[in-house]
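Q: Pasting a predicted model and its sequence here:
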Amino acid sequence: MSGWLEVVRAGALTTVQDEGRPGYAHLGVPRAGALDGPALRRANALVGNAASAAGLETTLTGCAVRLPAGGVVAVTGAEARIRVNGVDVSRESAFEVPPGGVVDVGRATAGVRSYLAVGGGVAVPAVLGSRSTDTLSGLGPARVRDGDRLPVGASTGGPAAPAGSAPSTPPIRSELRLEVRLGPRQDWFTADAIETLLGTPYTVSPNSNRVGARLAGAALARARPGELPSEGVVLGAVQVPADGQPLIFLADHPTTGGYPVIAVVTDVSPLAQARPGATVRFHGSQR
């Protein structure tokens, strides 16, 4: 450990996240990890961290942190005003913070989640190989609160990633096209329901969170009555409860579920930046 990061303003929901803890679903342990994995990887690359380093994931209202020893920081993800000691700095680039400096990540003006990486990474103790906060199971560190002091690891001392070396920044869109693979329980739904899923827009519900993105739109009709016994579900599973409104499982999803899964989204990272009311369209081939 080389120092501390002091939380001045935690914001609405700020958590420590890394790449998560995949591989434990058979034990009932969710994956967790950054919802927008590419954004966290960009931030880590910019400050010279390994891709596996932990950072802070903020939600809508950002956060503010003080670095008593200073350091190099990058903020990626949602569009927001970023300031160091009240002076604007660039998003999606690395910047130096003087000893005692305060980094303020403002309210998101587009997108939902920002990612703050500091050289050396947030070095809270790992649980099952990951420093991620899991909001469903409670594994990992508690959600960040005002006044928290989070350990920071030893920086490599190398320069931040030069311009052009970090992954490119995708635009934040209000309409998402998500690729899906149908199944494993598409036979529980009518042919019209499959056509509806692939041909009708849905909107993101305000009830969405790190567990899942709830969608609102045309109901998906079932072809058979009853319910399934609980079975394993994966990241991106499109589960359909009895009301017919699809739910896409995200990083903190449970490892089992009893509602039928009509399809699986191949890449859920765009949903990390989808605000309530955003449009979601599914595309994929019917089997």
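A: Yep, that arrived. Residues are numbered from 1 along each chain as shown.

Q: quick one, strands of the stretch 1-150 of the chain?
A: 3-9, 15-17, 55-57, 63-67, 71-84, 87-89, 94-97, 101-118, 149-152 (DSSP state E, counting those that start in this stretch).

Q: For the first one, list every residue counted as buried.
A: When neighbours are counted by 16 or more other C-beta atoms under 10 Å, the buried residues of strand 3-9 are found to be 3-7. Where C-beta positions appear, they are placed from N, C-alpha and C, glycine not excepted.

Q: which one of those sits closest to Ser155?
A: Gly3 (9.3 Å; C-beta to C-beta).

Q: Nearest to Arg275, out of the strands of the stretch 1-150 of the chain?
A: Judging these by C-beta to C-beta, what sits closest to Arg275 is strand 101-118, at 5.9 Å.

Q: Each with direction, which strands does that closest one pair with?
A: strand 55-57 (antiparallel), strand 63-67 (antiparallel), strand 71-84 (antiparallel) (DSSP bridges).

Q: Relative to Ala251, how far out is the most centrally placed residue in the chain?
A: Geometric centre of the chain, nearest residue: Leu35, 1.3 Å, by C-alpha atoms, centre = their mean. To Ala251, Leu35 is 5 Å away according to C-beta to C-beta, to the nearest Å.

Q: Spit out the residues that contact these two alike.
A: Residues touching both Leu35 and Ala251 by C-beta atoms under 8 Å, 6 or more residues apart in numbering: Arg210.

Q: could I get the strands paired with strand 101-118 as TSV with distance to Gly199?
A: As requested, the strands paired with strand 101-118 are exported to TSV (distance: least, C-beta to C-beta, whole Å):
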stretch	distance to Gly199
strand 55-57	34
strand 63-67	40
strand 71-84	30
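
Q: With mean neighbour count added, can I get those in TSV?
A: Listed next are the strands paired with strand 101-118 as TSV, based on neighbours: other C-beta atoms under 10 Å:
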stretch	mean neighbour count
strand 55-57	29
strand 63-67	22
strand 71-84	22
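
Q: I figured Leu215 hits Pro206, correct?
A: No - Leu215 is beyond contact range of Pro206, at 11.5 Å (criterion: C-beta atoms under 8 Å).

Q: Please identify which of those two sits among more neighbours.
A: Leu215 (22 against 11; other C-beta atoms under 10 Å).

Q: Give me the below-cutoff pLDDT ranges for the stretch 1-150 of the chain.
A: 1 (pLDDT under 70).

Q: need the contact list for Asn49.
A: Asn49 neighbours (C-beta under 8 Å, 6+ apart): 117, 119-121, 156.

Q: now do 6 Å
A: By C-beta atoms under 6 Å, 6 or more residues apart in numbering, the contact list for Asn49 reads Gly121.

Q: The one 3 residues further on too?
A: Listed by C-beta under 6 Å, 6+ apart, the contact set of Ser52 reads 18-19.
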